[in-house]
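A.B. asks: curious how this folds, go ahead:
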Amino acid sequence: MFRRTMIIGTALSTGLGLAVLPATPAVSQDSPWRVVASGLDSPRGLAFGPNGTLYVAEAGVGGTSPCLPHPLGQICYGATGAVTEVKRGHQNRVLTGLPSFALQGTPEVFGPSDVAPNGSGNLYVTLGLGADPAIRTALPPEGRTAATLVRAKPSKGTFRLVADIGGFELSDNPDGGLPDSNPQGLLSTAGGQVVADAGGNSLLGVRQPGRISTLAVFPPRLVPNPFGGPDIPMQAVPTTVTRGPDGALYVGQLTGFPFPVGGANVYRVEPGGQPEVVASGFTNIIDIAFGPDHSLYVLEIAHNGLLSGDTTGALIRLAKDGSRTVIASEGLTMPTGLALRDGKAYVSNCGVCADIGEVIAIPLPG
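C.D. replies: Residues are numbered from 1 along each chain as shown. Coordinates of the predicted model:
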């Protein structure tokens, strides 16, 4: 039961799968929050380009065929993943036809997970899978780009393979566990890209032409068994990576089953070194970002834990002095992506919702 493939999908099939998702996201007319994009299919990671254009990864809605075995049942493929662009108030899907997998019987979808503009008109996109990459051989050619990093040209609506993250998991398997790849968090740097593989419990570096290296591995740790008995191993499940003000890499973890409240850490990573815990006590981290004052903003997908049945998330500010402030919680429904710009936090809200996902802008306190 504790295979590392059981990450977000585990909770959705047990606790959150039984929860009632809203018919529409809860942003009232008198709220200081502003909806900047709506009608999205499972919005995930988001990022601003150098010209202020906002890009949003949409995991899609899966499809009907083929359906493949998964530790939690079946995932059904469809080319419904996308990337949406928000430019000068106008919303448009600039990239479509990306692989998407719906976990049957739950709201969870695996597909485009994160985006990173590189400043020259190109956009890097991680494509999730959440399963053994070997199953890709049963997919049509366009579906075999699952568990990879691709580079897209939004102006042309095209993309091409940059690095086969799933293939690296099969050949190198950095953490030595069962093969599983789910590329999530993405950072574009001058030296290449950095990918957090939530399925592989690893942080990977990608250099052209598609050379992949292991920057860090996040080992499991023992936690109390919620059903009693001896402690059980919990997978790390790194979901997000960003560059810190000190130049190091910072990684947030979702945690695997049993998704304990307060069990998620933020790690500092120097390539070649061991991950160092720099902040703890968070719950189910899905994204992180540093503010201009070097405060760390942490987005929790489920503030009360993925097994609670409560879909309320939270945005928390960790100041340099260690103090914590909950910036937003009520109204955040399974939030899945975070970007900061001009005194606002842009959050992908209802990240497991088909057709009603949105991006909201939340004013940050001065």
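A.B. asks: show me where the chain has helices.
C.D. replies: Secondary structure of the chain (DSSP state H): helices located at 8-14, 165-171.
A.B. asks: and the ones you listed, which one's lowest on average pLDDT?
C.D. replies: Looking at these, the lowest mean pLDDT belongs to helix 8-14 (a mean of 45).
A.B. asks: residues near the spatially closest residue to residue 240 that is not a sequence neighbour, how many?
C.D. replies: Among residues not flanking residue 240 along the chain, residue 185 sits closest, at 3.8 Å (CB to CB, 6 or more residues apart in numbering). (C-beta placed from N, C-alpha, C; glycine too.) Neighbours of residue 185 under the rule other CB atoms under 10 Å: 26.
A.B. asks: likewise for residue 338?
C.D. replies: 24.
A.B. asks: please apply the same query to residue 271.
C.D. replies: 14.
A.B. asks: ok, now which ones touch it?
C.D. replies: Listed by CB atoms under 8 Å, 6 or more residues apart in numbering, the contact partners of residue 271 are 205, 215, 216, 249.
A.B. asks: quick one: low-confidence ranges for this protein?
C.D. replies: 1-30 (pLDDT under 70).
A.B. asks: repeat that for 80
C.D. replies: By pLDDT under 80, the weakly predicted segments of the chain are 1-31, 119, 271-272, 366.
A.B. asks: the residue sitting nearest the centre point of it and residue 128, how far apart?
C.D. replies: By CA atoms, centre = their mean, the mean C-alpha position of the chain lies nearest to residue 184, the distance being 4.6 Å. Look at residue 184 and residue 128: by CB to CB, to the nearest Å, they are 6 Å apart.
A.B. asks: got any residues that touch both of these two?
C.D. replies: 113, 198.
A.B. asks: residues in contact with the closest residue to residue 118 other than its chain neighbours?
C.D. replies: Counting by CB to CB, 6+ apart, residue 188 is the residue found nearest to residue 118 once chain neighbours are left out, at 5.1 Å. By CB under 8 Å, 6+ apart, residue 188 lies in contact with 116, 117, 118, 124.
A.B. asks: from residue 181, how far off is residue 188?
C.D. replies: 20 Å.
A.B. asks: cool, and residue 98?
C.D. replies: For residue 98 relative to residue 181 (CB to CB), the value is 16 Å.
A.B. asks: these two: who's more crowded?
C.D. replies: Set residue 98 next to residue 181 and count neighbours by other CB under 10 Å: residue 181 wins out with 29 against 25.
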